[in-house]
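# The sequence and its predicted three-dimensional model are supplied below.
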Amino acid sequence: MIWPVRSPGPTPMMRLRSVVFDCADPDALSSFYASLLGGRRHHDDPNWCEIHLCDPAMKLAFQRVGGYRAPRWPDGTPQQLHLDITVADLATASARAVSLGATVLGDPVEEEGGRFMVHADPAGHPFCLVVEDGRGGSA
């Protein structure tokens, strides 16, 4: 569901269109996320690929960047964003992500409302698999 945000002034409604990942190989990284999240991949350009998720207005995009440096976790050098992906079973989701090319960056962490586990995608971007409300298998 898209939640429109209205500013108090004359600014038009805004909605998030896409999240763009800088990377060295857009084709490979978009394939990873399309497999992980079940998106439809669009790749006409060697420097730009997209996956469209269940909401056709929302997509992840991947752009080639010369001299790309992967962020380091947990210190965040260089500082970049990460995705939190809700899963039903942490162990199963982690094993699937690893089979697709992800790397586990830490042990599962318990927090109020659930557990999470940090991974890196094949280009080094961190992402968290999250089980809410303490549900799911052990990792």
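In hand now; what should we look at?
# Mind checking what helix or strand follows the helix or strand of the chain with the lowest mean pLDDT in sequence?
The helix or strand of the chain with the lowest confidence, counting by mean pLDDT, DSSP states H and E, is strand 40-45 at a mean of 87. Note on strand 40-45: by DSSP states H and E, the next helix or strand toward the C-terminus is strand 48-52.
# ok and that next one relative to strand 40-45, angle-wise?
160 degrees (axes from the mean of the first three to the mean of the last three CA atoms, to 10 degrees).
# before we move on, the earlier item: list the pairing partners of the least confident helix or strand of the chain within its sheet, with orientation.
Strand pairing for strand 40-45, determined by DSSP bridges: strand 48-52 (antiparallel).
# Do me a favour and average the pLDDT over the partner strand.
What strand 48-52 shows for mean pLDDT is 93.
# And for the helix or strand that it is followed by, what's in contact with it?
As assigned by DSSP H and E, the chain's next helix or strand after strand 48-52 is strand 59-64. Contacts with strand 59-64, where a contact means CB atoms under 8 Å, 6 or more residues apart in numbering, come from 17-26, 29-30, 33, 37, 39, 46-53. For every residue, glycine as well, the C-beta is placed using N, CA and C.
# tell me which residues form a beta bridge with the spatially closest residue to residue 20 that is not a sequence neighbour?
The shortest distance from residue 20 to any non-neighbouring residue, by CB to CB, 6 or more residues apart in numbering, is to residue 61 (4.5 Å). Legend: beta-bridge partners of residue 61 under DSSP bridges are residue 20, residue 50.
# contacting residues around the residue nearest the centre of the chain?
Centroid-nearest residue in the chain, with CA atoms, centre = their mean: residue 83, separated by 4.0 Å. For residue 83, the contacting residues are 19, 127-128, by CB under 8 Å, 6+ apart.
# Thanks a lot, catch you later.
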